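Engineer: dropping a prediction and its sequence here:
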Amino acid sequence: MKDNASLAYDVPGKFEETRFEKNHNVIFKSAIEASQNVAQEIAQLIRYKQSSNELCVLGLATGSSPIKVYEELVRMHKEEGLSFSNVITFNLDEYYPMTKENRQSYHYFMHQHLFNHIDIKPENINIPDGTVTLDKLNQYCIDYDKKIMQLGGIDFQLLGIGRTGHVGFNEPGSHINSGTRIITLDHITRIDASSGFNGIANVPKRAITMGVSTILRSKRIVLLAWGQNKADIVKRTIQGDISADVPATFLQNHSNTTFVLDQFAASELTRFKTPWLVGECIWTQELKSKAIIWLCNETKQSILKLTDRDYNNNGMSDLLALEGSSYDLNINMFNVLQHTITGWPGGKPNTDDSNRPERSNPAQKRVILFSPHPDDDVISMGGTFSKLIKQGHDVHVVYQTSGNIAVTDDEALKFAEVGLDFIGDHSNGIDFLSVIEDLKNKTENETDSLEVRKLKGLIRRRESYAATRYIGLKDENTHFLDLPFYETGQIKKNPLGPEDIAIVAEIISKIKPHQVFAAGDLADPHGTHEVCLNAIFAAMKKLKSESYMNDCWLWLYRGAWHEWDIDEIDMAVPLSPDEVLIKRHAILYHQSQKDRVMFQGNDSREFWVRAEDRNKNTAKTYDDLGLAQYEAIEAFKRFDY
C-alpha cells in the first residue's frame with residue numbers, strides 16, 4: 001500500500017503544481033463524492049493492516065465535515081463486511097468542561113455517527129475526557145499523547161478546518177511543538193459553534209485538543225473542507241506562508257498530507273479564481289466575464305476605460321490577442337452586463353426579449369417562490385417579489401420548512417402566555433398551560449415537545465402571512481409544506497427523503513409554474529438551504545416529462561450570507577428607494593427573527609441590514625463597472641435543471 005494513499009486520487013508529490021499552492025489538494029464536484037473517496041482510503045488502510053495482522057490507529061475529527069465519511073464507513077461495515085476489530089481511534093478534541101452524555105459533546109457525536117454502528121471494541125475508543133479535573137488535566141494530556149506514541153503513532157489522521165485556520169482546536173497562536181492540552185477557544189470558533197448550543201452564551205470557552213506536533217507525527221493526514229464558507233481559509237492555508245496565525249499552514253511541513261475539497265471550498269484558489277495568472281486558458285464567455293470584471297476591480301476602472309496595457313500587465317495578453325483589441329472586449333462585456341438588468345423580472349410584455357433575461361410571453365406568468373425558511377423570500381428577493389405581484393403575475397410563495405427551531409424559548413413563552421390570558425387553556429389544538437410548563441421546566445439540550453414545536457411553527461407561519469399581505473399577496477397563494485426532514489426538534493435534521501420530494505413535486509404539479517425561484521445560497525450555517533434546494537432539483541427532475549415543465553425556468557437567488565459574483569448574475573433587478581423600504585418592512589414582520597436571531601452564522605447584523613447592504617453593494621458594483629446607478633439590486637442566476 002504505497003504511502004497509505006488511496007488510488008482514488010494522486011499521491012502527494014505527484015500532482016500538477018502551481019507557483020501558488022504549497023499543499024497537495026484534490027477537488028471533487030460534491031462533498032458526498034469526496035467523502036466516499038476518503039472513506040475508501042480509510043477502508044483500504046484498515047484492510048491492509050488486517051492482512052498483515054496489525055492494528056490500525058485512526059485519528060478522527062468531529063463537526064459537519066466528516067459526517068458523510070462516517071456514513072460511508074458505516075455503510076461499508078453493514079453491506080461489505082468492513083470490520084473495525086483491529087482499529088484503535090483517537091479523537092482530536094472535546095469541549096471543556098463537558099460530560100459524555102451531553103448531546104453537544106464529541107463523545108456523543110462520535111457514537112451517534114460512527115461507533116454505535118460498527119464493531120469497534122469500546123476499549124479501543126479514545127476521546128478526550130471533558131470531565132477530568134483541572135488539577136489532573138496536565139498529566140491526562142501527557143498520557144493521551146504517550147498512549148498514541150506507544151501504539152506507534154497515528155496511521156491516518158482525519159482533519160477539518162475552522163474559519164480561524166484551526167485544526168483540532170489549535171487556535172491562532174498555537175505553537176508547532178504543542179502537544180495535547182487545554183486551550184481557550186477563539187471567539188469566531190465559538191460563534192460558529194453557537195447554533196448547536198442555542199446561542200454563543202452556552203458554548204464552552206475552553207477545550208482539550210490534540211496538539212500540532214501530535215498531529216504532524218501522523219503518517220498520513222487528510223483534511224476535509226466543504227462549502228463557500230471555507231474558501232477563504234483554504235486559500236490562506238494552501239497558498240499562504242507558514243504562520244501560527246493560521247495553524248493549518250503547519251501542514252505544509254508534512255510530506256503526506258492531502259486537502260480534499262469540494263468545488264466551493266476550492267473556489268478562491270488562484271487556479272480557479274484567476275486561472276489566467278497560472279497559465280493559458282480556454283476563453284469561454286463565462287471566463288471572459290470573470291476575468292474582465294476582476295481586471296476592473298484590480299485596476300479600479302470601469303469596463304469601457306480598460307486599455308490594452310491593462311490586459312497585458314495582468315496576465316491576459318492571450319485574451320487580448322484572441323479578441324484583437326481592448327475596445328472590442330470592453331464593448332462586448334458592457335453589453336453582456338447591460339442585458340442582465342431588468343425592472344421586469346417576469347418578462348416585459350409586448351417587447352423584443354432577445355436581449356432580456358426573461359421571456360416576454362406569456363405576459364402573465366405563474367410563479368413559485370420557494371423559501372427554505374419562513375423569511376428567506378423577503379430577505380433574499382423581497383423587492384422582486386413585490387414587483388412580480390404589481391406587474392400582474394400569479395405569484396405563489398411556498399415555505400418549505402416550519403422554521404420552528406429558530407424561535408427562542410422566551411419568544412414562545414411570550415406567545416403562550418398571551419394565548420392563555422386571552423383564550424384559556426386550549427386554542428388551535430395547543431394546550432397553552434402545558435406549553436408554559438414545558439418551557440419553564442426545559443433543561444439544557446432538551447428537545448422541544450411537540451406542543452412547543454407546534455406553537456413555534458405557528459409563530460413563524462403568522463409572521464409570514466403578515467409579511468406577504470404587506471407585499472400584496474393573497475392568503476390563498478401562500479403555502480406551507482412543513483417538510484418532514486426538518487421536523488426533528490433538533491439542529492441535526494433527517495436526510496432528504498422520498499416524502500419530502502413528493503410534497504415539493506405535488507405543489508409544482510398543482511401550480512404548473514412558468515418561473516420557479518429557489519434559494520441557491522449553500523452557506524446557510526446548518527444546511528437547510530441545501531436540503532431544500534436538492535428537494536426542488538429532485539422534484540423538477542421527476543416532473544421533467546410533464547408538458548408544462550418545458551416552459552418552466554428556474555432562477556436561483558442567494559440569501560442572507562452571500563451574493564452571486566457579478567460574472568455569475570443572469571438577471572439583475574434594480575430597486576428604487578421606496579422598494580428598498582418595502583422590502584425592509586416586510587422583513588421586519590418576522591419579529592421572532594429580529595434582535596435575537598439564533599442561527600445567524602458569523603454575521604451579527606440583523607437580516608434586514610444584511611439584505612440592504614448586500615443589495616446596495618451589488619448596485620454599487622454595477623455603477624463602478626460603468627453601468628447605470630441604482631439604489632439597490634437583487635441578483636439571480638438561471639439554472640438549467
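Structural biologist: Nice, I can see it. Residues are numbered from 1 along each chain as shown.
Engineer: kindly check the end-to-end length of stretch 437-457 for me.
Structural biologist: 18 Å (C-alpha to C-alpha, to the nearest Å).
Engineer: equivalent analysis for stretch 258-277, please.
Structural biologist: Across stretch 258-277, first to last residue, C-alpha to C-alpha, it's 24 Å.
Engineer: repeat for stretch 517-532
Structural biologist: 12 Å.
Engineer: what do you get for stretch 477-494?
Structural biologist: First residue to last in stretch 477-494 (C-alpha to C-alpha) measures 28 Å.
Engineer: quick check, residue 531 in a strand?
Structural biologist: No - going by DSSP: H, G, I helix; E, B strand; the rest coil, the assignment for residue 531 is helix, not a strand.
Engineer: how many residues are close by it?
Structural biologist: By other C-beta atoms under 10 Å, 21 other residues sit near residue 531. From N, CA and C alone the C-beta is placed, and that goes for glycine too.
Engineer: contacting residues for it?
Structural biologist: Residues near residue 531 by C-beta atoms under 8 Å, 6 or more residues apart in numbering: 485, 486, 493, 495, 496, 500.
Engineer: and the two most separated of the residues you listed?
Structural biologist: Largest separation among those by C-beta to C-beta: 486 and 495, giving 11.4 Å.
Engineer: okay, those two: which has more neighbours?
Structural biologist: residue 486 (23 against 9).
Engineer: so which of the contacts of residue 531 sits lowest on pLDDT?
Structural biologist: Note: of the contacts of residue 531, the lowest pLDDT belongs to residue 493, at 84.
Engineer: that one reaches residue 528, doesn't it?
Structural biologist: Yes - because the distance of 6.9 Å satisfies C-beta atoms under 8 Å, residue 493 is recorded as touching residue 528.
Engineer: what touches both of those two?
Structural biologist: In contact with both residue 493 and residue 528: residue 486, using C-beta under 8 Å, 6+ apart.
Engineer: who has more neighbours, the two?
Structural biologist: Neighbours were counted for residue 493 and for residue 528 using other C-beta under 10 Å; residue 528 has more, 23 against 18.
Engineer: residue contacts, that one?
Structural biologist: 372, 373, 401, 486, 493.
Engineer: and residue 493, what helix or strand is that in?
Structural biologist: Using DSSP states H and E, residue 493 sits in no helix or strand.
Engineer: for it, list the residues it contacts.
Structural biologist: Contacts of residue 493 (C-beta under 8 Å, 6+ apart): 485, 486, 526, 527, 528, 531.
Engineer: got a markdown table for the residues you listed, with secondary structure and distance to residue 261 too?
Structural biologist: A markdown table is the format used below for those (DSSP: H, G, I helix; E, B strand; the rest coil; distance: C-beta to C-beta, whole Å):
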| residue | secondary structure | distance to residue 261 |
| --- | --- | --- |
| 485 | helix | 26 |
| 486 | helix | 28 |
| 526 | coil | 21 |
| 527 | coil | 18 |
| 528 | helix | 23 |
| 531 | helix | 21 |
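Engineer: for these, which one is nearest residue 70?
Structural biologist: For these, the nearest to residue 70 is residue 527 (15.9 Å; C-beta to C-beta).
Engineer: in stretch 361-373, what's buried?
Structural biologist: 365, 366, 367, 368, 369, 370, 371, 372, 373 (16 or more other C-beta atoms under 10 Å).
Engineer: sorry, wrong one. I was asking about stretch 334-346.
Structural biologist: 334, 336, 337, 338, 340, 341, 342, 344, 345, 346.
Engineer: mind checking which of those residues land in strands?
Structural biologist: Here DSSP state E is the test, and those give no hits in strands at all.
Engineer: in the stretch 351-500 of the chain, which spans are strands?
Structural biologist: For the stretch 351-500 of the chain, the strands defined by DSSP state E, counting those that start in this stretch cover 366-371, 394-399, 426-427, 430-431, 478-480.
Engineer: rank those by pLDDT, which is bottom?
Structural biologist: Looking at these, the bottom one is strand 426-427 with a mean of 58.
Engineer: and residue 260, which of the three is it?
Structural biologist: Residue 260 is classified as strand under three-state DSSP.
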